[in-house]
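Visitor: fold the following for me, if possible:
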Amino acid sequence: MTTPEWLASLARAGARMAVPAAMRPPESGGRRSAVLILFGEGEHGPDVLLIQRNKGLRRHSGQPAFPGGSFEPHDEGPEDCAVREAVEETGVDPEGIELLGRLPELFIRHSEFRVVPVLAWWREPSAVHAADSGEVAGVVRVPVSELADPDNRVRVRHPNGSTGPAFRVRGMLVWGFTAAILNRLLVLGGWERPWLDGEDAEPVPLPGARPDDEGRRAPRQARDRCGS
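Guide: Next up, the predicted model:
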């Protein structure tokens, strides 16, 4: 299956995406990591692959996210890291993935991750599942149409007091870093539809959020994965 023009255009726009001041990486420091933003063509049109973290994790427990995590010594770059993590977490066949490019590097301040989002096309879809049950509770393909549906869009108040966009899809509340990227991709891809945003939107509470989900640094062993 050839790469659709809408995704090629999105990759070009994404490479030039402006980075908000709050997410600009520092000149030095931070933990190198990458996530895979894998778009495919499903029965309901374009979709994107997300995972849901295991509820037993100390950090980002139960949260939806893109597949991804920290660099390993043998990773040659963000693409290697993102695909390796996706294979480990979802069992996706890497031979069916076509890498298209990167979004600008972003910084998650509360966990000190330097994250490179890698954009890809699922040229030959394969079966996926929670391959690493210790880390991942579920894997789901979320249609872009559901993400863009105004009825599925809300704002949440993060544990650190800030607010941001979120999505209620497939029984999940997608928020934080993952929702911020999805929100921007909807705009760049021309999919965004008017919804109750900004000052007019009353933030909804985060179910089960703990103060250390944002705003505090976790012990090293709990910081290997990029969460929401």
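
Visitor: ok, longest strand in this protein?
Guide: For the chain, the strand that runs over the most residues, judged by DSSP state E, is strand 31-42.

Visitor: which strands and helices sit next to that one?
Guide: For strand 31-42, the packing partners by 3 or more C-beta pairs under 8 Å, 6 or more residues apart in numbering; DSSP states H and E come out as strand 45-53, strand 68-70, helix 78-90, strand 113-122, strand 136-143. Backbone N, C-alpha and C define where each C-beta goes, glycine included.

Visitor: looking at the ones you listed, which is nearest to residue 177?
Guide: strand 113-122 (7.3 Å; C-beta to C-beta).

Visitor: also compute the angle for that closest one relative to strand 136-143, please.
Guide: Orientation of strand 113-122 against strand 136-143 (axes from the mean of the first three to the mean of the last three C-alpha atoms, to 10 degrees) gives an angle of 50 degrees.

Visitor: per-residue confidence averaged over strand 113-122?
Guide: Averaged across strand 113-122, pLDDT comes to 98.

Visitor: and the angle from that strand to strand 31-42?
Guide: 20 degrees.

Visitor: buried residues, the longest strand of the chain. List them.
Guide: Using 16 or more other C-beta atoms under 10 Å as the test for burial, strand 31-42 gives 31, 33, 34, 35, 36, 37, 38, 39, 40, 42.

Visitor: ok, now stretch 95-102?
Guide: For stretch 95-102, a neighbour-count test (16+ other C-beta under 10 Å) marks 96, 97, 99, 100, 102 as buried.

Visitor: thinking again about what came up before, make JSON lines from the helices and strands packed on strand 31-42 and add distance to residue 169 to it.
Guide: Shown next, in JSON lines, are the helices and strands packed on strand 31-42 (distance: least, C-beta to C-beta, whole Å):
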{"stretch": "strand 45-53", "distance to residue 169": "9"}
{"stretch": "strand 68-70", "distance to residue 169": "19"}
{"stretch": "helix 78-90", "distance to residue 169": "17"}
{"stretch": "strand 113-122", "distance to residue 169": "18"}
{"stretch": "strand 136-143", "distance to residue 169": "5"}
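
Visitor: residue 11: which of those is closest?
Guide: strand 113-122 (5.1 Å).

Visitor: the closest one: how far from the chain's middle?
Guide: 8 Å (C-alpha atoms, centre = their mean, to the nearest Å).

Visitor: what's the angle from it to strand 45-53?
Guide: Using the same axes, to 10 degrees, strand 113-122 lies at 140 degrees relative to strand 45-53.

Visitor: export strand 113-122 as CSV, just CAs?
Guide: Extracted C-alpha coordinates of strand 113-122, given in CSV (Å, rounded to 0.1, in the frame of the first residue of the first chain):
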residue,chain,number,x,y,z
PHE,A,113,12.5,13.1,28.6
ARG,A,114,13.8,14.5,25.3
VAL,A,115,11.3,13.0,22.9
VAL,A,116,11.6,12.7,19.1
PRO,A,117,8.2,11.7,17.6
VAL,A,118,8.8,9.6,14.5
LEU,A,119,6.0,9.6,11.9
ALA,A,120,5.3,6.4,10.0
TRP,A,121,2.9,4.7,7.6
TRP,A,122,1.6,1.3,8.3
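
Visitor: okay, strands next: where are they in this structure?
Guide: Under DSSP E, the chain gives strands at 31-42, 45-53, 64-65, 68-70, 97-102, 106-108, 113-122, 136-143, 153-157, 163-169, 172-174.
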